[in-house]
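In: Sharing a model that was predicted from the sequence below.
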Amino acid sequence: VTWPAAPFQQTTTRTTTQPPTAPPQAPATTPADPARNAAHSATLPPATPAQASAASPGDPAHGAALQPDTTRPQPLLAGPHPPAAVATGTPVPATPIPPPVPAIQLTPAHSTTAGGRPEAPASTFQRPPGPPTGTPATASLHQPTDDSDAIIALAVPPSTAKANAHGWPRWRQHADSHGLPHLLPDTRGCPAEDLQQAERRMADFVIWAYRRLIPRSHSAPAAKPQTALNLLLAVIRVHKNHGITAPGVGRVKLVIKGLTAEFVALHGPDALLPERKAPMTHALALKIVSTPSGSILPGGTPLDWSTPRWQSVRRAIRLLRFTGLRGGDLCRNPRLDDPRPSDSSPLYTVGDLTFDTTGEHPRAALRPRPSKADQFGQVWGNDRIHLPRLPDHAAALCPYRDLAPSRHEPGDTPLLRDDDGSPLLLDALEDSVRALLIHVLGREHRHYSLHSFRAGLASDLAARGTPAHITKRLVRWRSDAMVEQYSHLDGDAYCALLT
């Protein structure tokens, strides 16, 4: 029977046979459907008594490794069990029928370890009965098999798709090195013992991946266990995107806890602390935008606030300071493979601005565009970001004064643009702000980034006693945990609460 292939799944073919009658004869294929029989590529002989006895549940190794249970037909990868035999209309013989032949889980042949990495260490998982030669290769992660897969791919945010593409190849490498199928069994209708083995397999993958991880920072002594867990979470998301519910991660949580204890014992608890950027204060942001033109930045580049790029950099600093936007919300990130909008289209244009000069407090209003937490702009798309005109003593950081001249420009003009008139990209903004931070702070610049502006706004709101639900609206968070994570009290605010 030819079972339809799912994404990342091999097309597995198998011909079932009629149980032999005395005397034993050669296996006969099912004549019910000639067209289907023509597609059969592997014919399995009937099990012999010796094979049947070797597959007895009384075997001490039974259930100790990922081996097929030969006492009943096994699911190939997901879905209902395939039939043990196809009815041919012939009478059932009176002689005892041998046990059905177990379904073979086809796995790709071993491939060379990528990047020269050593082979996987010994594991409790055993290779199931090997496939015949010429096993079809697993489908690529980026090759949708039907229209629904292509549409689902559009629903995955670019950053999540990048994480999935990073974790899935490692999962395939682990599966190939252990002779296992790439896909986990679906929890719906799957036997309990198969789910238990799948949970052990996921835990084994986390350990296998953690032993091969290289820390992102050169100053870090080793990669953190959470990184290995993120790889598994990417694998679970890939399964979910293709209709497969992966088993639970209860055993994986215990493995992560054990790896964390091992990490702390080897490197100390301080090495486990997250490296978060410091909040951007009002004074520091003011010092950055007040850097005089003609200053020599790192690399020998002179600062010139009159050029379109540096004007856009200063505008971005002012916007980030008072809006809490991410850098990736303002400028397109060319490192993310986003098939939806063109890389040449700006995220924000002059048309996203409206101005109100009739009231007592003149202000500009910026319409929020789709972002990481609001992928389609359905949550905050109608909640304008209001930017008031600040007093003269804060004019250097006032976004309203910067944006007011833009009201006379065409609506499709990029709000942030490079020297050639094209939209300013995220890489250029990050490099420019980093150069200014190095010029102002020296070695201490490493504690700050574009995300410091977002944390700085949240910290200022917390210092003023702003309720958490208001902070969530102003910074556009959807979780209370983010408010607690990024709201920091500086030393003065901390001491003021105690005196």
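Out: Okay, I see it.
In: all strands for the stretch 301-450 of the chain, in order.
Out: 301-302, 353-356, 363-366, 385-388 (DSSP state E, counting those that start in this stretch).
In: Redo these as a markdown table? Include mean pLDDT and mean neighbour count.
Out: Just so you know, the C-beta spots here come from the backbone N, C-alpha and C atoms, and that holds for glycine as well. Converted to a markdown table, these look like this (pLDDT from 0 to 100; neighbours: other Cβ atoms under 10 Å):
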| stretch | mean pLDDT | mean neighbour count |
| --- | --- | --- |
| strand 301-302 | 91 | 10 |
| strand 353-356 | 93 | 15 |
| strand 363-366 | 94 | 18 |
| strand 385-388 | 92 | 18 |
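In: Take those and lay them out in JSON lines including distance to residue 403.
Out: Below are the strands of the stretch 301-450 of the chain laid out as JSON lines (distance: least, Cβ to Cβ, whole Å):
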{"stretch": "strand 301-302", "distance to residue 403": "26"}
{"stretch": "strand 353-356", "distance to residue 403": "6"}
{"stretch": "strand 363-366", "distance to residue 403": "5"}
{"stretch": "strand 385-388", "distance to residue 403": "7"}
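In: quick one: which of those strands is nearest residue 490?
Out: Residue 490 lies closest to strand 385-388 among those, at 23.6 Å (Cβ to Cβ).
In: which helices and strands sit right next to the closest one?
Out: Identification of packing neighbours for strand 385-388 by 3 or more Cβ pairs under 8 Å, 6 or more residues apart in numbering; DSSP states H and E yields helix 308-323, strand 363-366, helix 399-403.
In: Of the strands of the stretch 301-450 of the chain, which is nearest residue 175?
Out: Of all those, it is strand 385-388 that lies closest to residue 175, at 46.8 Å by Cβ to Cβ.
In: Can you give the strand pairings for the closest one, parallel or anti for each?
Out: Sheet pairing of strand 385-388 (DSSP bridges) gives strand 363-366 (antiparallel).
In: low-scoring stretches of the protein, by residue?
Out: Scanning the chain with the threshold set as pLDDT under 70 gives 1-146, 336-345.
In: May I see the helices and strands packed on strand 385-388 arranged in JSON lines, with distance to residue 272 as well?
Out: Shown next, in JSON lines, are those (distance: least, Cβ to Cβ, whole Å):
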{"stretch": "helix 308-323", "distance to residue 272": "30"}
{"stretch": "strand 363-366", "distance to residue 272": "39"}
{"stretch": "helix 399-403", "distance to residue 272": "38"}
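In: quick one, which of these is nearest to residue 475?
Out: Closest approach to residue 475 among these is made by helix 308-323 (8.7 Å; Cβ to Cβ).
In: Dump the closest one to CSV, keeping only the CA atoms.
Out: Output in CSV follows, covering the C-alpha atoms of helix 308-323 (Å, rounded to 0.1, in the frame of the first residue of the first chain):
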residue,chain,number,x,y,z
PRO,A,308,19.8,62.2,4.7
ARG,A,309,21.2,59.1,6.5
TRP,A,310,22.3,60.9,9.7
GLN,A,311,19.1,63.0,9.7
SER,A,312,17.2,59.7,9.6
VAL,A,313,19.4,58.2,12.4
ARG,A,314,18.7,61.2,14.6
ARG,A,315,15.0,60.9,13.8
ALA,A,316,15.0,57.2,14.6
ILE,A,317,16.6,57.9,18.0
ARG,A,318,13.9,60.4,18.8
LEU,A,319,11.2,58.0,17.7
LEU,A,320,12.6,55.1,19.6
ARG,A,321,12.9,57.1,22.8
PHE,A,322,9.3,58.1,22.9
THR,A,323,7.5,55.3,21.1
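In: Among the strands of the stretch 301-450 of the chain, which comes closest to residue 230?
Out: Distance to residue 230, taken as Cβ to Cβ, is lowest for strand 385-388 among those, at 31.4 Å.
In: residues making contact with that closest one?
Out: With Cβ atoms under 8 Å, 6 or more residues apart in numbering as the test, strand 385-388 has contacts from 319, 322-323, 361-368, 399-400, 403.
In: The same query, at a cut-off of 7 Å, please.
Out: 322-323, 361, 363-366, 368, 399-400 (Cβ atoms under 7 Å, 6 or more residues apart in numbering).
In: Tell me how many other residues surround residue 200.
Out: 19 (other Cβ atoms under 10 Å).
In: so which of the helices and strands packed on strand 385-388 comes closest to residue 352?
Out: Proximity of the helices and strands packed on strand 385-388 to residue 352 was assessed by Cβ to Cβ; the nearest stretch is strand 363-366, lying at 5.9 Å.
In: and that closest one, C-alpha only, in PDB?
Out: Taking Å, rounded to 0.1, in the frame of the first residue of the first chain, the C-alpha atoms of strand 363-366 are listed here in PDB:
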ATOM      1  CA  ARG A 363       1.100  66.800  18.400                       C
ATOM      2  CA  ALA A 364       1.800  64.300  15.700                       C
ATOM      3  CA  ALA A 365       0.200  60.900  15.600                       C
ATOM      4  CA  LEU A 366       1.900  57.800  14.100                       C
END
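In: what comes into contact with that strand?
Out: The list of residues contacting strand 363-366 from outside it, by Cβ under 7 Å, 6+ apart, reads 323, 352-356, 384-389, 400, 403.
In: So which of the helices and strands packed on strand 385-388 is nearest residue 262?
Out: Shortest distance between residue 262 and those, using Cβ to Cβ, is found for helix 308-323: 39.5 Å.
In: now the nearest residue to residue 315 once chain neighbours are set aside: how far from residue 316?
Out: Closest residue to residue 315 in three dimensions, ignoring its sequence neighbours and counting by Cβ to Cβ, 6 or more residues apart in numbering: residue 402, at 5.1 Å. Going from residue 402 to residue 316 by Cβ to Cβ, to the nearest Å gives 10 Å.
In: These two: which is more packed in?
Out: Per other Cβ under 10 Å, whichever of residue 402 and residue 316 has more neighbours is residue 316, with 24 against 21.
In: just checking, residue 330 touches residue 352?
Out: No: judged on Cβ atoms under 7 Å, residue 330 makes no contact with residue 352 at a distance of 11.1 Å.
In: Compare these two (neighbour count), which wins?
Out: Neighbour totals were compared for residue 330 and residue 352, and residue 330 leads with 25 against 17 (other Cβ under 10 Å).
In: so how far is residue 346 from the more buried one?
Out: Distance from residue 330 to residue 346, by Cβ to Cβ: 9 Å.
In: cool, residue 294 as well?
Out: From residue 294 over to residue 346 the distance is 29 Å, taken as Cβ to Cβ.
In: Between the two, which has more neighbouring residues?
Out: For residue 294 versus residue 346, neighbours defined as other Cβ under 10 Å are more numerous around residue 346 (21 against 9).
In: Residue 423 is in contact with the more buried one, correct?
Out: Yes: applying Cβ under 7 Å, one finds residue 346 in contact with residue 423, separated by 3.8 Å.
In: can you list residues touching both of these two?
Out: Common neighbours of residue 346 and residue 423, counting by Cβ under 7 Å, 6+ apart, are residue 414.
In: what's the helix or strand for residue 227?
Out: Using DSSP states H and E, residue 227 maps to helix 225-241.
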